[in-house]
Each structure stands twice: as structure tokens, then as C-alpha cells.
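**Student:** Need the 3D shape of this:
(one chain, ligands or ions: 3)
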Amino acid sequence: METRLLSLPLDQIESDALVVLSFEKENGQPVPGMAGGWIKDLYNSGEFKGKLLDTALLYKPAGLKAGRLLVVGGGKAASFGTAELRRAAGAALRLLKSKGARGIALALEAGFAAGEHVSAAVEGAFLGDYEPDRYKTEDKEEKKVVDSFSVVVPEAVPSQQEALLRSRVVAESQNFTRDLVSEPANRLTPAVLAERARQMAAEQGLECEVLDRERMKQLGMGALLGVAMGSSEPPALIVVRYRPERPAPEGVHLGLIGKGITFDTGGISIKPSENMEKMKYDMAGGAAALGAMRALAQLKPSIAVTALVPAVENMPGGRAQRPGDIVTTLSGKTVEVLNTDAEGRLILADAMTYAKRLGCTHLVDAATLTGAIVVALGFVNVGVFSNDDPLLAKVLAAAKAEGEKMWHMPLDEDYKEVLKSAFADIPNVGNRWGGAITAAMFLKEFVETTPWVHLDIAGTAWLEEAKPFLAKGPTGVPLRTLVRLALDWGA
Ligand code: BES
Ligand code: MN
Ligand code: ZN
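**Tutor:** Ligands and ions are numbered 1, 2, ... in the order given. Predicted structure coming up:
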């Protein structure tokens, strides 16, 4: 999809479809919009109230060169921000695409046309455009495609053009992540994920190193290797590095660790078959870390960033680890594996110890770690855990600016009481209560004093039902937060 920034009167726009935003009435009066007279009739009809994502489609309105005019509700003008705009742009694109429009122009009014608004519109369009339909063989010829998406602004300034290019990189990287996540586990094994990472790194000029089973044995990554035992697919620890040309003086080195379980059967503590097919998305954290690196390679932050993705398939094969097994982690701590389905924390423990050895000064991990976070926060918020308030504040600020909803969860030492093993240093599960917190507590034991934020994305990395602005399936969360965190560091 081509993207353009235009500054033209709306009646001069020649695209298949022109999109304008219109807000809810205030004090009974329609909020003045750019689209003039039609809007008034629309409101008077009562069919359109301007509620967020309300739509009304008009064909060949008089005086316009565009073939269609799509009015999209923006909700209350006072609460309309970039998050709402991103969704509105996505919804507009999806609706018009379904109707066969190939060229779309979205108009931003004065007051809503800063760089951040241009970014949100472009991101919304690219994210809305994405469909996880790679393996559908029907109708390829009739497949609808949008060729161009333009943002129309009252007055074009260079910062908007920059914003457009930047957001395009971010959104395409987010779709790269979504492509990886939607791959089924027979087509995306740990080895294939590693190969995709290598290829991406080569294209983007990043360093990539993949540690194989032998190397991990030498190093002593017993927790990661224990999870890999039950599968005939060999594990891989993917390391992708970005080094800034002019490093920031503080010498910050951010480690992005992403859970890369290419399929989670649960292992010997096997999961019920209902919904098990969804466990192909158990590598969404890893895919987000790789997608973030893809974007950062092009956007060039001033801090060093290393992504580490432990890629493993959790299977119940004949050599699988058993409940009760005790493994020695890279840190030297021993873990009693009480439940083989709590495998994410095992692979992350070794990856985070290794990240510290590589010199990472700050760690952020993203993981589809627990069903318990879904019980706590549903599909709306990412669960955020941290041992460091300044880093937590940076992550939450980045998330807010990017419209990725996150909720800070507790991590009091009191929760550690349930992590007691009679036979090893720590068990890999607590009891059934506060499961997302005790999982984070387990990770904290391996992070030790390094500033760290853990993002539990089990409820937010996958969309159960399509939204007007997003297809069903992988969301790419929390890629935008990770990218902005690195870009804004120290700024
Ligand atoms: N990958 C799952 C968590 C998950 C659940 C992700 C639902 C996405 C949707 C994780 O490995 C897991 O199985 N966690 C267990 C932990 C339990 C055994 C302590 C869980 O949440 O049930
Ligand atoms: Mn599991
Ligand atoms: Zn898992």
C-alpha cells in the first residue's frame, strides 16, 4: 500500500473514497466538521450520531471528485485522541476495502493533524489492512486490495511527512510480527522462527546469532533445555542485536526478551484439547521482540537494544521432562518442575540470565505467560509487573502514547511464600491463586536486581473476534510500546 500526505481542498480529492471524521453533537449542536452540508442532513436523519466508529457511506456526493464519502464517527471531540483515530482509520479502511475501494484518502481537521495524528491514521490503516489469510487458496484473483492510502491535512509540514514514514515502518513491523504469530506450529518450528529472524536481521542490517542445543548445553541452560526435551524439534535461542552509531552517554543497553514457545501442548501436564489450537500464539512475545528490532533497525534509537527469543516447542514426547524433575538453570539456581505447562517462565529464566551476561542493563520481557492474567484483566489490558519504578514509568508512558492498554499489577514479596520447594531452590508454580503474579514472582528471582518490566500478553496478543478496525487473530501487541520505549529513551 502506497502512502501519501496531501494538502488539498476536500472537493479536489480524486480517490475512490474520501473519509472524514465527525463527532457527537455537543449541546444538541453538531460539531462543525470539514465535510460541510451533508453532515447536517446525516445527523438530522438520526441514522448517524457521530459515536466512535459509527459509519455512513455516501455515493458520489455533489461537489466532490471522490467516488464515495465515508463519514466515520469520532465520538466526543473532547475525548478524541490518537488511540481513537487509529481505530477510526482502521475501521474506515476495512469497510472501504470490503467494498472494493482501491484508493482511500482520510482527511484530518485542523487541531487533529499533528504528526502524532498522521502516525495514528497511517498505523490504523496498515493494521486494519492486515488479514491472516496466507493459507486461503480460494478467490486469490478477486482478492480486494487497497493500493493507496493518503492522509489529507489542512497544511503540510515536514514533521507530518516524517511521522508518516516512521509510522509506516512501525505498522509494517507490527504486521511482520502478526505474520509470524499466525503461522501454525507445523510451519513455524523453533528452527523456522530462527531462520525468519536471521533473514529479517540480514535485510535490516542487524546482527543475529542463534544458539543451538549443544551451545546451550555448554552454557548450562538446563531450564530451557528441559522444556525442549519432549519435542523432536530442536530448540534455538535467537539473539538479535542493534548497536547505535552514536551511543547515549549513560551506556544503556536494553534487553527485549520474548517468549517463543512455537506450540504449547502443556507437555506431560497436558492441556485439554478444547482451544489447544490457539497455543500456536505462544510465541507472540518473541515475535513482538523481533518485530520491534525490525522497526528499530530503521528508526535508529540512541541506545543499544538486544532481543533474545528462546524458541522451543513444548511437547509430551517420550523424552519429555516429567512433573517432579529438577533442572539447573543458567543462573545456577535449581527448579522443581511441578507442572510442565508452566514452561514459559522456565525458558525466560535462562534467557534473562543470558541477557544480563550479554551486558543488558535493563530488561523488558513480553510473554503469553498465564491464563490467570486473562482471568484478571480479560482481553483488554496487558498485565505489567516490575521491580523498578523508573523503568515501569517509561514503559507505561510509552504504552499510553501508543494506545496499547496496560495495567500495573502488584509484585509484593509476600507472594513469594507460595514458591517453596522441598527439593530444589524454587518450584515453577505456586498454588492456584494470583497465578499471573506468582509467575512474575518466579521471573523476578532470575532477574535479581536488574531493572525489569514483565508484560503478560496472554489476553492481548490474540483477538478472539474481529473488530471493525482489526482482523481476528494476532494483534502484534506490545510491539509499538517496545519500539517507542527504545526511541524515547532519555529523550
Ligand atoms: N501459554 C500458557 C498461558 C496462556 C494461556 C497463554 C491462555 C494464552 C492463553 C502458559 O504456558 C501456561 O500454560 N500457563 C499455565 C500456568 C499454570 C500451569 C501454572 C496456565 O496459565 O494455566
Ligand atoms: Mn504452558
Ligand atoms: Zn505457554
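
**Student:** Tell me which other helices or strands the biggest strand by length in the chain touches.
**Tutor:** Counting by DSSP state E, the longest strand found in the chain is strand 304-314. With contacts taken as 3 or more Cβ pairs under 8 Å, 6 or more residues apart in numbering; DSSP states H and E, strand 304-314 sits against helix 190-204, helix 222-228, strand 236-242, strand 253-258, strand 260-264, helix 284-299, helix 344-357. Every residue, glycine included, has its C-beta placed from N, CA and C.

**Student:** Can you tell me the SS state at Pro410?
**Tutor:** Assigned with DSSP: H, G, I helix; E, B strand; the rest coil, Pro410 falls in the coil class.

**Student:** Please identify the helix or strand for the closest residue to ligand 1 within the stretch 51-200 of the chain.
**Tutor:** Residue of the stretch 51-200 of the chain nearest ligand 1, by Cβ to the nearest ligand atom: Val181 (11.7 Å). Val181 belongs to helix 158-182 when elements are defined using DSSP states H and E.

**Student:** coming back round to it: now do the contacts for the residue of the stretch 51-200 of the chain closest to ligand 1.
**Tutor:** Lys280, Tyr281, Met283, Ala284, Ala287, Ala461, Trp462, Gly473, Pro474, Gly476 (Cβ atoms under 8 Å, 6 or more residues apart in numbering).

**Student:** ok, those residues vs Ala66, which is closest?
**Tutor:** Gly476 (30.4 Å; Cβ to Cβ).

**Student:** Ignoring the adjacent residues along the chain, who's closest to Ala248?
**Tutor:** Ser302 (4.4 Å; Cβ to Cβ, 6 or more residues apart in numbering).

**Student:** cool, Pro468 as well?
**Tutor:** Here the residue nearest Pro468, using Cβ to Cβ, 6+ apart, is Ala91, at 4.0 Å.

**Student:** Next, count neighbours for that neighbour.
**Tutor:** Number of residues near Ala91 (other Cβ atoms under 10 Å) recorded here: 24.

**Student:** pLDDT score for it?
**Tutor:** As predicted, Ala91 sits at a pLDDT of 98.

**Student:** doesn't Asp54 make contact with it?
**Tutor:** No - using Cβ atoms under 8 Å, Ala91 makes no contact with Asp54, being 9.5 Å away.

**Student:** so where does Lys97 fall, helix or strand?
**Tutor:** helix 82-98.

**Student:** Which secondary structure elements does the helix or strand just after that helix sit against?
**Tutor:** Downstream of helix 82-98, the next assigned helix or strand under DSSP H and E is strand 103-107. Applying 3+ Cβ pairs under 8 Å, 6+ apart, one finds that strand 103-107 contacts strand 17-22, helix 82-98, helix 115-129, strand 148-152.

**Student:** Go again with 10 Å.
**Tutor:** Counting contacts by 3 or more Cβ pairs under 10 Å, 6 or more residues apart in numbering; DSSP states H and E, strand 103-107 is packed against strand 2-6, strand 17-22, strand 68-73, helix 82-98, helix 115-129, strand 148-152.

**Student:** and among those, the most buried is which?
**Tutor:** Compared across the helices and strands packed on strand 103-107, strand 17-22 shows the largest average neighbour count, a mean of 28 (mean count of other Cβ atoms under 10 Å).

**Student:** which neighbours does it have in its sheet, and in what orientation?
**Tutor:** strand 68-73 (parallel), strand 103-107 (parallel) (DSSP bridges).

**Student:** for the shortest one, the distance to its chain's centre please.
**Tutor:** This means strand 103-107. Taking Cα atoms, centre = their mean, to the nearest Å, one finds the center of strand 103-107 at 26 Å from the center of the full chain.

**Student:** Quick check: mean pLDDT of that strand?
**Tutor:** 98.

**Student:** again, but for stretch 120-137
**Tutor:** Rounded mean pLDDT across stretch 120-137 is 97.

**Student:** just stretch 219-235 next, same as before
**Tutor:** Rounded mean pLDDT across stretch 219-235 is 99.

**Student:** Can you name the residue of the stretch 151-300 of the chain nearest to ligand 3?
**Tutor:** In the stretch 151-300 of the chain, the residue found nearest to ligand 3 is Asp264; the distance is 3.7 Å by Cβ to the ion.

**Student:** That residue touches Val312, doesn't it?
**Tutor:** Yes - contact criterion Cβ atoms under 10 Å: Asp264 and Val312 qualify, at 9.4 Å.

**Student:** returning to what we had before: dump the strands paired with strand 17-22 to JSON lines, plus distance to Val384.
**Tutor:** What follows is the strands paired with strand 17-22, written out as JSON lines (distance: least, Cβ to Cβ, whole Å):
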{"stretch": "strand 68-73", "distance to Val384": "31"}
{"stretch": "strand 103-107", "distance to Val384": "32"}
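
**Student:** and ligand 2, which of these is closest to it?
**Tutor:** strand 68-73 (40.3 Å).

**Student:** The residue of the stretch 51-200 of the chain closest to ligand 1 and Ala440, how far apart?
**Tutor:** Distance, Val181 to Ala440, by Cβ to Cβ, to the nearest Å: 22 Å.

**Student:** that older thread, can you tell which of the helices and strands packed on strand 103-107 is closest to ligand 2?
**Tutor:** Nearest of those (Cβ to the ion): helix 115-129, 27.9 Å.

**Student:** other SSEs contacting that closest one?
**Tutor:** strand 2-6, strand 17-22, helix 82-98, strand 103-107, strand 148-152, helix 158-182, helix 389-402, helix 479-488.

**Student:** Output it as CSV - backbone C-alpha positions only.
**Tutor:** Taking Å, rounded to 0.1, in the frame of the first residue of the first chain, the C-alpha atoms of helix 115-129 are listed here in CSV:
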residue,chain,number,x,y,z
GLY,A,115,2.5,14.4,13.4
GLU,A,116,1.1,12.0,16.1
HIS,A,117,-2.3,12.1,14.3
VAL,A,118,-0.8,11.4,10.9
SER,A,119,1.0,8.5,12.5
ALA,A,120,-2.1,7.1,14.2
ALA,A,121,-4.0,7.3,10.9
VAL,A,122,-1.3,5.5,8.9
GLU,A,123,-0.9,2.9,11.6
GLY,A,124,-4.6,2.3,11.8
ALA,A,125,-4.8,1.8,8.0
PHE,A,126,-1.9,-0.6,7.8
LEU,A,127,-3.1,-2.6,10.8
GLY,A,128,-6.6,-2.6,9.5
ASP,A,129,-5.4,-3.8,6.1
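
**Student:** start to end distance for stretch 127-145?
**Tutor:** 14 Å (Cα to Cα, to the nearest Å).
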